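Undergrad: take a look and give me a structure for this.
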Amino acid sequence: MTAANAAAAPGTADSPILIWGAGAIGGILGAAFQRAGHVVHMVDIVADHVAAMRTTGLRIEGPVDEMTEVLPSFTPEEVTGTYDCIILAVKAHHTPEALEMLMPHLAPDGFVVSAQNGLNERVIADRIGADRTLGCFVNFGADWLEPGRILYGNRAAVAIGELDGQITDRARHIHALFSIVEPDAALTDNIWGYLWGKMGYGALLFCTALTPDSMSDAMERPDHRPAYVKLGQEVMRLADAEGVAPLGFNGFDPVAFRTGDMAGITRAMDRMIAHNRKTAKTHSGIWRDLAVRKRRTEVDAQIGVMVTLGQARGLDVRALARMVDLIHDIEEGRRPQSVDVVHELLPICS
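TA: The predicted model follows:
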């Protein structure tokens, strides 16, 4: 399938799907697609992970699903050929570098699906064209544990949609594939609404990662509530200025945050806390990057991008900007994760 309404079907022997980034999200997608009978090839920069996937197999474990799939897997240096469909599933800040590596393997009329957090569709569309970029929103919980092992922590919202809102054959096909993983996945004419909704929810998750607490425990602290309210408001008001109507999911209520409806925000926070209490993935991927993997987070590619957009529009994004600085402090060892770090946000959140 090399055009939006072409008839070929990625995932067959004649048109394998290439998943670039076989971590938490990409790994679950690849294993589930192959188990369902589709043909997928995996690419990852971690050589030990690649070796495990193609020998003993990729093990998906946790309360949602369990499977072990031996997958055709490669490092970027090993992969050959071209593909009609590439699912990009790397961290947001690795998107430009990954695009340069995968471009030689994208068929002339092929397309890229962004199974990532952030507004990476903008970056991809700038590089290869909007007509070759398919939007994707994922919110299920997963963690890369070690080479060959991924935790599938909880089910959550998934959506697929063209950037211009058209419902095309390729969007229907990719939606059907993602429905293997999430049966309630949405085929949408407002993928930007989902992506901006996730930007708001994601800002709250970055705030939880300032602390050692679980997502639910961090969100539940009453003394920190003004920080979550302010962060959500800044993102939703920026989305409004960008002309996007964000969509809610898994408890997040974009209208309540945008309008400052405190009763609605309280209900939304309660639903998000309850949602995250049911997952085996107790902490966000941001927290895991800081506390476990000791590496840089996606803060610049997700939150920093919004600070730039907001400042260009003259909007108040002081809480988002301060949170970027605090995450950088933790990344660079200038301060530890602590509930006290959130207090640094409070003076600008009243």
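
Undergrad: now do the helices in the stretch 251-350 of the chain.
TA: Here the stretch 251-350 of the chain has its helices, by DSSP state H, counting those that start in this stretch, at 254-259, 262-277, 285-291, 299, 305-312, 318-331, 339-343.

Undergrad: those helices: which one's closest to A245?
TA: Closest to A245 of the helices of the stretch 251-350 of the chain is helix 254-259 (Cβ to Cβ; 8.1 Å). For glycine as for every other residue, the C-beta is placed from the backbone atoms N, C-alpha and C.

Undergrad: doesn't A142 fall inside a strand?
TA: Yes. Secondary structure of A142 (DSSP: H, G, I helix; E, B strand; the rest coil): part of a strand.

Undergrad: still on that earlier bit, E234: which of the helices of the stretch 251-350 of the chain is closest?
TA: Using Cβ to Cβ as the measure, helix 318-331 is the one of the helices of the stretch 251-350 of the chain that comes nearest E234, at 5.3 Å.

Undergrad: about what we covered before: and the helices of the stretch 251-350 of the chain as TSV, adding mean neighbour count and distance to L145?
TA: Supplementary listing: those in TSV, determined by neighbours: other Cβ atoms under 10 Å; distance: least, Cβ to Cβ, whole Å:
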stretch	mean neighbour count	distance to L145
helix 254-259	22	33
helix 262-277	17	19
helix 285-291	21	10
helix 299	27	23
helix 305-312	18	29
helix 318-331	20	22
helix 339-343	16	26
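
Undergrad: out of these, nearest to R59?
TA: helix 285-291 (18.3 Å).

Undergrad: which elements pack onto the helix or strand G153 falls within?
TA: Per DSSP states H and E: G153 is located in strand 149-154. Contact analysis of strand 149-154 by 3 or more Cβ pairs under 8 Å, 6 or more residues apart in numbering; DSSP states H and E lists helix 24-35, strand 58-61, strand 141-146 as its packing neighbours.

Undergrad: tell me the angle of that strand relative to strand 141-146?
TA: Between strand 149-154 and strand 141-146, the angle comes out at 170 degrees (axes from the mean of the first three to the mean of the last three Cα atoms, to 10 degrees).
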